[in-house]
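Structure for this input, please:
(chains A and B)
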Number of protein chains: 2
Amino acid sequence: MQYGYFDDKEKEYVITQPDTPLPWINYLGCDDFYGMISNTAGGYCFYKDARYRRISRYRYNNVPFDFGGRYIYVRDNNSNEYWSPTWQPIQNKLEKYECRHGLGYSKISSTYKKIDTKINYFIPLNNNLEIWHLEIKNNNEKDMDLSIFSSIEFCLWDALDDASNFQRNFNTGEVEIEENVIYHKTEYRERRNHFAYFACSDPIEGYDTQREDFIGAYRNWSNPIVVETGKSKNSHAHGWSPIGSHHIKFTIKSGESKEIIFLLGYFENKIKEKFDPSESQIINKKLVKPIINKFQNKDNVKKAFNDLKNYWAKLLGKYQVECPDIHTNRMVNIWNPYQNMITFNVSRAASFYESGISRGIGFRDSNQDLLGFIHLVPDRARERIIDLSSTQLENGGVYHQYQPLTKKGNDAIGSNFNDDPLWLVLSVATYLKETGDWSLLDEKVPYENKPETEKPLLDHLKRSILYTQNNLGPHGLPLIGRADWNDCLNLNCFSKDPNESFQTTTNTEGKIAESVFIAGLFILAAKEFAGILKQRHLDEESNIYLEMANKMDSIICEHGWDGEWFLRAYDSYGKKVGSKECNEAKIFIEPQGFCIMAGVGIENGLAEKALNSVHQKLDTDHGIVLLQPPYLKYQLHIGEISSYPPGYKENGSIFCHTNPWIMIAETLLGHGEEALDYYLKINPSAREQISDLHRCEPYIYAQMIAGKDAPSHGEAKNSWLTGTSAWNYVAITNWILGIRPTFNGLLVSPVVPKSWSNFKITRNFRDVIYHINIEKIGEGNKSTIFINDEEIEGNIIPLPKSGEKEIFVDVKIS
Amino acid sequence: MQYGYFDDKEKEYVITQPDTPLPWINYLGCDDFYGMISNTAGGYCFYKDARYRRISRYRYNNVPFDFGGRYIYVRDNNSNEYWSPTWQPIQNKLEKYECRHGLGYSKISSTYKKIDTKINYFIPLNNNLEIWHLEIKNNNEKDMDLSIFSSIEFCLWDALDDASNFQRNFNTGEVEIEENVIYHKTEYRERRNHFAYFACSDPIEGYDTQREDFIGAYRNWSNPIVVETGKSKNSHAHGWSPIGSHHIKFTIKSGESKEIIFLLGYFENKIKEKFDPSESQIINKKLVKPIINKFQNKDNVKKAFNDLKNYWAKLLGKYQVECPDIHTNRMVNIWNPYQNMITFNVSRAASFYESGISRGIGFRDSNQDLLGFIHLVPDRARERIIDLSSTQLENGGVYHQYQPLTKKGNDAIGSNFNDDPLWLVLSVATYLKETGDWSLLDEKVPYENKPETEKPLLDHLKRSILYTQNNLGPHGLPLIGRADWNDCLNLNCFSKDPNESFQTTTNTEGKIAESVFIAGLFILAAKEFAGILKQRHLDEESNIYLEMANKMDSIICEHGWDGEWFLRAYDSYGKKVGSKECNEAKIFIEPQGFCIMAGVGIENGLAEKALNSVHQKLDTDHGIVLLQPPYLKYQLHIGEISSYPPGYKENGSIFCHTNPWIMIAETLLGHGEEALDYYLKINPSAREQISDLHRCEPYIYAQMIAGKDAPSHGEAKNSWLTGTSAWNYVAITNWILGIRPTFNGLLVSPVVPKSWSNFKITRNFRDVIYHINIEKIGEGNKSTIFINDEEIEGNIIPLPKSGEKEIFVDVKIS
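Presented below is the predicted three-dimensional model:
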C-alpha cells in the first residue's frame, strides 16, 4: 500500500493520506538554522546545535508519536467550528489533504468547509528563520468570518535541561511582546545574547505566550481553550511554559484569497548591544527588526522561496541520470543527493529517532557523509574537512565526535575508535579528485584545536595512516580499539553493568583484538594516500605506503580468510570472530565488502568466493543482513552487538550502510546484475509499494531494515541520518553507473545489467558539463569512449585544456 | 477556592474535583519501591533509583501537564461506551469523583452510568510492587456486561536513555506473556538480571504489550482503539514501546460487586538463575511466582493494606499535638511527618518538578531531611547517616551527592560546597539526642567508600568541623567554596557560557569569598560537637570546640554585622554581599536565621535588630522572602541567584526552607506571636482556601512561593521534595510547641501566642510516652514542669529510671 506518490517533475513526494505508518518527515534549512517537519506539521527547529540551541519544544516518542509542532488553527467565527489545516493536532475529517515534501520545504494543503489552505514551510537561504507562508481561499458562496491562530512552544534552549530541570525552568521563562512580534528571551537577562522571535505579517487581534493560558489546564493541542472560544488571553509568560500564538481575525469574501506570513527566527546580539535602552532589560531590536520587516513582505517571501528552488535545481544538476529504472533515476537525481546534504548538515543529531541531545558531529560519520556531498558544495565540504582534522590528536588518533557549537572534541566520548582516522584519507582523496583543489593539503590545521600545533593537512593524513600502522596486533592486523565501524562490536569492553556504555568503557589493554575490517579500510586508505603523494611527485614516499598496503593484503589473505569468506576479527582472547568455527555470527558483511573494495582477493579468487558466500548466507528479499546466524545470547566478550534481539540493528538486520560496499564489490568483479539487484532491494522508492511493511519514508534511506530473524522482517527504522545515504550514492553513481572523478579526469566505467541497452548521464565536474550517452553493445563491461566521435585511450576523460564548458561523450560497453 | 478538604480522622486529603490547579500528587512506597501518583492516576514508579530503575514511563511537562499513568478503562459492552474511573485520560463527566490521598496510598473512586468504581493504589510494606485494588459495583437495575482494560507503559529502565536514545531503544523492547501476567524484560537477555511484571487476579480475555497496537496510530490514552472496539489484539512487543494491558470481561449483576487486583512489580533474579530452562532466554519465574500468587489473593491484599495503615498510625504516634490551631494540629500530626518521610525516602529525585534523572542523594539535603525524620524510624536514619558519612573525604570535605544504587559519591558534581560537612554534625547530634544510641559514634565508617580507611564516626564529625576551621578567609569567616546552603550564590564561578553549570564551574582560587551563613552554621555545629564530646567526658577537647565557636561569634559581630542585620557574605573581590552598601540584595534571610539560631547577638541586641529588619524588609502576606530588593540584572560575580527573574526562586521568592530559621530565632527571643505568625503564613493547610493562587497541594509544603516582586506573588512551586518540610517540623515541634529531645531527657519550653491558654502534646521519646498538658498562666515563656503534680527542677524531664512506659506531665507557662 502507498500513502502518496513521487512527483518527479516538481521534485516532491506527495503524501495524500495524513496518517502515514510513521511520521514522514522532511528537513528545512541549508546553513545554520534547521527544522524537522512531519507531514502533519510536527517537529521542531534549532540553530546549529540541536541540543544547545533548540528553538522550539518537541516531545519525542509521544502519544500519539508525533504531537506538537508548527500548528495553525482556522476558526469559523460564525459557526465557532475550528480545524487544523495540517490534520494534526485536531484530526478533522478534511475534504482534501496533501503534503508535498520538497527540497528544503514542505507544503501542506487542505480543504475544510470549502476553505482551501496551503502552508508553505521553509527556511530562506542564509537566514536564521522559518517561514510559514499561509494562503487561504474561500470557496464558499458566502463571505466567511475567520480567525487564524498560530502556535509554537518554545524550548528553553538546552533541550536536555529543558526536558529535565523543571524545578528551575518553571521559573525562568520570559517573553516580550511588541506589536505583532513575540520575543522569547528566557535567560537573555543573564548569559545568553540570543533570543527567538515569532512574528506575523498581519495586525493581530490578540496573542498568547503562556501555554496553559492558550491551551487550558487538562486540555491539549487538539482543543485549546483560546481557539475554542475564539478569544486570545493576551497572556504574558512569567515562568512555566512560554509559547507564541498570534490571533488574526478577518472576513474573507466569497472567492477571495488571503496570505499571512509567520516567521519563527533566532537572533544574536553583540554583548554590549543587548539592551535598548542599554540600562534596561529590554531586548535591543534594532538589528533584528529589518530582518523581520523584510520577510513580513509577501514578495520577499516569494523571492526567497524561488531562490531556494533554484539553489537546489543547481545543486542537483551536478549529476543527472536517465536510465531504464525509474527508482534509480529518482533517487540519483533528487532524493539521494538531498539526503546526502541533510546528513552532512545535521549529522546524526536530529531526526525522528535521534533526539538531538546526545550526539555531536561524528568523525567517522561525517567523513563518510562527505563522500556523497563533496560534489554538491565543495567549499562547505572543505571547511568540514578542516574542522574534523582539527580534532585529530598528535598521535594520529582522533576525537570520535566534536560539538557543533564549539567545534571542540568531545571529551566525554574521547578517542580510540581505531578505524576513525582512516576515513579522513578517503574524504580528502574524494575532495581532491572532485575539485583538483590541491591547496587543501597545504592548509595549516592544528591538532586537538590547540594553537601552535598547526601542520599542513598532508601531515594529518600521514599520521592517520601511521596510527593504524603503529597499532597492529598479534597477527599483524590492525587493533580494533574501542570499536571499528561497527560501534557495537566491543571486543575490549567487558561490562556487566547495564548503566555503562559499551563503547566508552574499555577494560582490557586492547593489545589483542584485531579487526579485518580495519585492515581492508587501511589498504584502501593507504592506496589513496599513495596516489595523493604520487600526484605530488613524492614517488618514493608513495611507494612506502603502497608497500604497507600490499603487506596488509598478504596478512589478510593469510590470517583474515576463513575458507569461504573473510573473517571479521580476532577477539581479545585471540579467537576468531565471524568464522565457520563460531557457533553464532559465522559470517559478517563488513569485511567482505571492504576487503574487496580494497582489492584484496580479486586476483586470487577469494573475492568471488566471499561474494558467493554473501549471496548464499546473507541475502534476503529486503537486502543483505549484517551477519548470520544472529547472536541468540548476550556475549560479554563480543559486546553490544549481541545485546540486540536477533534481526535488529547490528545483530543481523539489513544494516543498509553496508549493502553498497557489496554492490561496489560486485562491480569490481563485473557483476552488474547482482550489483543493481542489491541496490534496488533497499532503494526506498522501489519499496514504496510496501509502505505498510517498510513504514519509513519511501523517499529516503533508513539505517536498517529488520532482518530475516526478526518478527518484523522488512520493517525499516532510523530513517534519514545514516551513512547509508552517502554510500548508496557512491555505489550507484560512481560504480554501477560508473562515472567517477579521478585526480586527472572523469572516469567512465559502468557496470550495469544486461537489459540496460542505453542510458544517459549529465555530470558537472570541475565546472565542465559532461553529457554522457552510454550504449551497451555487448555482454561485458569494457567501456570505449568517444568524444566528438573520436575514441580516446583508456576510460578517463581528460580535463579539457581549451576551456570548453560542455563536452559530449559517447560510451560503448562491450 | 478549595478543591477538596482534609479528613483528619482518616488522615486523608479528599480531592472532590479532578481538575486541580496542578496535579496534586501523592507517594506510594516506604522501602525500596516507590511510586508518584496524581489525583487522576498519573505518574510512575521506580525501584530505588528514579533514573536507573524506572519501571513505568512518564512524560514530564506534557500537554496536558499530567498525562500518562496507571490508567484503568471500564467499558459497557452493551452500549460500547467506555470511561476512565480516574477521570484522566478520558475526562468523562463523572457522576461522582473523589480522590483520597492517604499515607502511602491513594484511593480514587467515581461513579459513571451508575457503576461505582474504587481503585486503591498502594505498595505493601517490604514488597517491590504496586497494588491497584479495583472494586466495582453495579447500581443499575439491570445486569451489565463490562470489560476492564488495564494499562501501563514500561520504561526501558534508564529514564534518561529511555527518553533520548530512540535509534537503539526502538529495537530492544522484549516481553513475555504467561497466563495473566505480562513480563517486561527489555535487556534481561544481556546485562540486566531484573524484570518488571504486570499481573492481574482474574482470568483474562486478552492482552496487549505493544503501545501502538493498544492505542492505535495517531490516537492517545484517551481513545485507545482496543478499548474503543472492546477487543484486545494480543500483541507481542518486539521493540518500539512495550506496554502492559489486560482485558477482563464479565457480567455484573444488578447490585453486585466485584474486585480485581492488578500488580505492577519489580524482581531481581540471581545471575546464575536468570533463565528457565537455564539454556533458554526465558525468565526464570520460580521465585517471583509466589509473590504474584500471594497478592492475587484479595485477603492478602486487604491485610497488606491494613499493615500499611497500622505502620503509619504507629509512626505518627511519636508526636501528636492538640492545640487551638487546626492547621498546626493537622500538619504536625499527619502531613508534615509524612512529607518528612517522603523527602527522606526519595530525597530530591522524583516529584512533579524533579524528573528523577539528574539528582542523587544530596549530602546537605539528606542531613537536613534527617532532622525531621530521625524520631520516626531511627534505624533507617542511622543507616543513612553512615551512608552519607562514608562519602566524606579524608580532608573533611564531602561529596555533594551520592548515587542511591551504588551509594558512591557522584564524581560529576564532586565536592567543595563548604557548608556540607557541618550538616552531618547536626543530624548526628539529633540522632544521639533522640535515641541515646551512643554506639553510632563508634561505628567504623570509611572515607570516600574506600576499604581500610574506616574510622569511628566521631572522627568524621571532628573532620567536618575542622574542614571549616581549615578553610577560613581574610576576615576569619568560612570560605564559601562553590556555594553554601544557597546553591545559587556562586561567588567563585565567573561563567559567561550559558551551557556551563553555575555550581560546578569554579574558576577562582576561592580564597577570598566568605560566607556569614556558614559562620553561623559552624557555631551551631561546633557547639553541638562540644556537647557530644562533653557527654563522652572529653571535657578538654569539648572546650576547644566551644572556643572555636566563641571566636567565630566575635568574628561575626565584628565582620559579619551590617548595622541593622547580618551580612550575607564577602564576594571574591572582598566586597560585601547583603549589605546596605549594595544596590540590590541589601538583606538576605539566611544569616539572620542561622546566626541567631547559633546564639549570635542574642545577648547584645543584634538578634533583636536583625529580626526587626527581617520583619520590616522581608515579610509579606505569604511568608518571608529570601532577599530584598531582588537582583534586577545578572551579576557575573554573584552567580545563578541573579539569573532568576525577580521574585522567583533564590532571587527573592519566599523560599520556604529558610522561614523556619526565623521562626526558631523568634522563639529564642521569646516571640511566640511572631513565630506562629510566620509559621501559619506558609503552612499549606492554612493556605488551602487560596488554592487557586497557591496552586500546589494544600497538604504539603512547597519549596517556594513567588515573592512580592513576582507577577504571580503567592503562587507556590516545587512541592514535596524540599528541606522546608524537615525545618518547619523542627520549628513547630521543637521550638514553638517547644518539646525537644536533649542528651539527657525531653526538654519542654513552648513559646506560643498569648491566646493559647491550653494545649496538649503526646511524645514518644526513647520508648516512653509523655502525655504533656500545657497551660499558659502568664505573659512570659517560663515553663514550670510538674510530674505527678510534683514540680521538677529546670525544664528537662529526666529519663525515667524505673522503667515506666508512660509519664504524665503538666506544664505551666508564666
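
How about the residues of the stretch 651-800 of chain A by chain B?
A:Gln703, A:Ala710, A:Pro711, A:Ser712, A:Lys717, A:Asn718 (C-beta under 8 Å from any C-beta of the partner chain). (C-beta placed from N, C-alpha, C; glycine too.)

Pretty sure the second one sits in a helix.
Think A:Ala710. No: counting by DSSP: H, G, I helix; E, B strand; the rest coil, A:Ala710 falls outside a helix, being coil.

A:Leu680: how many residues sit nearby?
Look at A:Leu680: counted by other C-beta atoms under 10 Å in any protein chain shown, it has 17 neighbours.

Could you check the pLDDT of the closest residue to it other than its chain neighbours?
In this structure, A:Leu680 finds its nearest non-sequential neighbour in A:Ala686, 4.8 Å apart by C-beta to C-beta, 6 or more residues apart in numbering or on different chains. With respect to pLDDT, A:Ala686 scores 98.

Same question for A:Pro89.
pLDDT recorded at A:Pro89 is 98.

In which helix or strand does it reside?
In the assignment (DSSP states H and E), A:Pro89 maps to no helix and no strand.

Around the nearest residue to it once chain neighbours are set aside, how many other residues sit close by?
Once flanking residues are discounted, A:Pro89 sits nearest to A:Trp221: 3.9 Å by C-beta to C-beta, 6+ apart. A:Trp221 has 23 neighbours, counted by other C-beta under 10 Å.

correct me, but A:Trp221 touches A:Tyr71?
Yes: counting by C-beta atoms under 8 Å, A:Trp221 does reach A:Tyr71; the two are 6.1 Å apart.

what residues are shared contacts of those two?
Residues touching both A:Trp221 and A:Tyr71 (C-beta atoms under 8 Å, 6 or more residues apart in numbering or on different chains): A:Gln88, A:Pro89, A:Ser151.

now, which of those sits nearest chain B?
Using C-beta to the nearest C-beta, A:Gln88 comes nearest to chain B of these, at 7.7 Å.

which ones are touching A:Lys812?
A:Glu775, A:Lys776, A:Ile777, A:Ser783, A:Thr784, A:Phe786.

Please, which helix or strand holds the closest residue in space to it that isn't next to it in sequence?
Nearest non-adjacent residue to A:Lys812, counting by C-beta to C-beta, 6+ apart: A:Thr784, 4.7 Å away. Using DSSP H and E, A:Thr784 sits within strand A:783-787.

C-terminal to that strand, which secondary structure element comes first?
Downstream of strand A:783-787, the next assigned helix or strand under DSSP H and E is strand A:790-791.

Just give me how far the very next helix or strand once past that next one sits from the chain centre.
Following strand A:790-791 in sequence order, the next helix or strand is strand A:796-798 (DSSP H and E). Put simply, strand A:796-798 sits 32 Å off its chain's centre (C-alpha atoms, centre = their mean, to the nearest Å).

Pull up the pairing partners for the following helix or strand past strand A:796-798, direction included.
Per DSSP H and E, the first helix or strand lying C-terminal to strand A:796-798 is strand A:806-813. Next to strand A:806-813 in the sheet, as set by DSSP bridges, lie strand A:768-776 (parallel), strand A:783-787 (antiparallel).

In a markdown table, list those strands along with distance to A:Asp76.
Formatted as a markdown table, these follow (distance: least, C-beta to C-beta, whole Å):
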| stretch | distance to A:Asp76 |
| --- | --- |
| strand A:768-776 | 53 |
| strand A:783-787 | 65 |
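
The strand ranked longest in chain A and chain B in contact?
Longest strand in chain A, counting residues (DSSP state E): strand A:144-157. Yes: contact of strand A:144-157 with chain B (C-beta under 8 Å from any C-beta) involves A:Glu153, A:Trp157.

What is that strand packed up against?
strand A:54-56, strand A:71-76, strand A:129-138, strand A:194-200, helix A:225-229, strand A:242-252, strand A:257-268 (3 or more C-beta pairs under 8 Å, 6 or more residues apart in numbering or on different chains; DSSP states H and E).

List of residues touching the helix or strand following it?
Using DSSP H and E, the helix or strand that follows strand A:144-157 in sequence is helix A:159-162. Under the contact criterion C-beta under 8 Å, 6+ apart, helix A:159-162 has outside partners A:46, A:50-52, A:54, A:57, A:155-156, A:169, A:355-357, B:164.

coming back round to it: chain B is nearest to which of the helices and strands packed on strand A:144-157?
strand A:194-200 (9.0 Å).

quick one: average pLDDT of that closest one?
The average pLDDT for strand A:194-200 rounds to 98.

The next helix or strand after that strand near chain B at all?
The element immediately downstream of strand A:194-200 (helix or strand, assigned by DSSP H and E) is strand A:206-210. No: under the criterion of C-beta under 8 Å from any C-beta, chain B is not reached by strand A:206-210; the shortest gap measures 10.5 Å.

Chain neighbours aside, what residue packs nearest to the residue sitting furthest away from the middle of chain A?
Using C-alpha atoms, centre = their mean, the residue of chain A lying farthest from its centre is A:Lys142. It sits 47.5 Å away. Once flanking residues are discounted, A:Lys142 sits nearest to A:Ser254: 5.8 Å by C-beta to C-beta, 6+ apart.

Kindly report the same for A:Tyr729.
That would be A:Gly372: by C-beta to C-beta, 6+ apart, it lies 4.0 Å from A:Tyr729.

that older thread, tabulate the helices and strands packed on strand A:144-157 in TSV, adding columns for mean neighbour count.
Output for the helices and strands packed on strand A:144-157, formatted as TSV (neighbours: other C-beta atoms under 10 Å in any protein chain shown):
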stretch	mean neighbour count
strand A:54-56	26
strand A:71-76	22
strand A:129-138	22
strand A:194-200	26
helix A:225-229	19
strand A:242-252	23
strand A:257-268	20
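
and B:Pro646, which of those is closest to it?
strand A:242-252 (17.2 Å; C-beta to C-beta).

okay, the closest one in CSV with CA atoms only?
This file holds the C-alpha atoms of strand A:242-252, laid out as CSV (Å, rounded to 0.1, in the frame of the first residue of the first chain):
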residue,chain,number,x,y,z
PRO,A,242,6.4,30.1,27.1
ILE,A,243,4.7,29.7,23.8
GLY,A,244,3.8,32.0,20.9
SER,A,245,0.4,32.4,19.5
HIS,A,246,-1.0,35.1,17.2
HIS,A,247,-4.6,35.7,16.6
ILE,A,248,-5.6,37.2,13.2
LYS,A,249,-9.3,37.9,12.6
PHE,A,250,-10.8,38.9,9.3
THR,A,251,-13.7,38.5,6.9
ILE,A,252,-12.8,36.7,3.6
